[in-house]
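Novice: Prediction below, plus the sequence it came from.
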Amino acid sequence: FKYHYVKEFLKELLTKAVEKEQSERGRVAAAAYLGSFLARFKGLHLSTLRTSLSLMARWVHDYILAHDHDVTFPDASVHTVFYSLVQSLLYALCFRLQALVEDVSKPSFVPLELALDRIVLSNLNPLKVVNQNVGQTFVRVASRLKVLDERVMTQLLKHNASFVLPGGQEWDEEHSFFPFDPF
């Protein structure tokens, strides 16, 4: 087993997920594979995880900077790739956040480089769109580890429960694919 294949695989998935030249369907599939692999591959080095999550978060933050000011309501049909990448990021963090928080070699990685509060509290409101099990599990884990303010997250989840997202159920069913999950 050669670990450089892991890095090449992740690099290929990241590239496919963020390249505008790729089809939307291809980008969404790459994001699903990326999040699932980061969450489930047992031999993943923490440094590789950090690099992958950092690149994903950077793209997500750039997207928020470019689009958040125009958004008043989450729209999964317009921002499909954004929500897919956020879902993959949050899914991976459901499994890996504790290891990142406990890593004393990089104590500022989660709060500064990932800046998760900026993502989940953006006008794009990804917690309304992503798979609800992923969103709720992420909030539970992040709150328990004191990465996000539990009170603020609870209010956001209650707010999100108070309205129906057009096409939200269909998006959830269509994009809740995590290929490396054990069955």
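Specialist: Sure, I can see it. Residues are numbered from 1 along each chain as shown.
Novice: Is A92 in contact with G35, as I believe?
Specialist: Yes. Contact criterion Cβ atoms under 8 Å: A92 and G35 qualify, at 5.0 Å. No exception for glycine: its C-beta is placed from N, CA and C like everyone else's.
Novice: and those two? which has more neighbours close in?
Specialist: G35 (32 against 26; other Cβ atoms under 10 Å).
Novice: Contacts for the strand or helix carrying the more buried one next, please.
Specialist: G35 belongs to helix 24-40 when elements are defined using DSSP states H and E. Here helix 24-40 makes contact (Cβ atoms under 8 Å, 6 or more residues apart in numbering) with 9-10, 13-14, 16-19, 22, 44, 49, 52-53, 56, 80-81, 84-85, 87-92, 94-96, 175, 177-182.
Novice: Can you show me the helices along the protein?
Specialist: 3-18, 24-40, 46-67, 80-102, 116-120, 126-129, 132-144, 150-161, 168-174 (DSSP state H).
Novice: buried ones in the longest one?
Specialist: Within helix 80-102, the residues that count as buried by 16 or more other Cβ atoms under 10 Å are 80-97, 100-101.
Novice: angle of it against helix 132-144?
Specialist: 30 degrees (axes from the mean of the first three to the mean of the last three Cα atoms, to 10 degrees).
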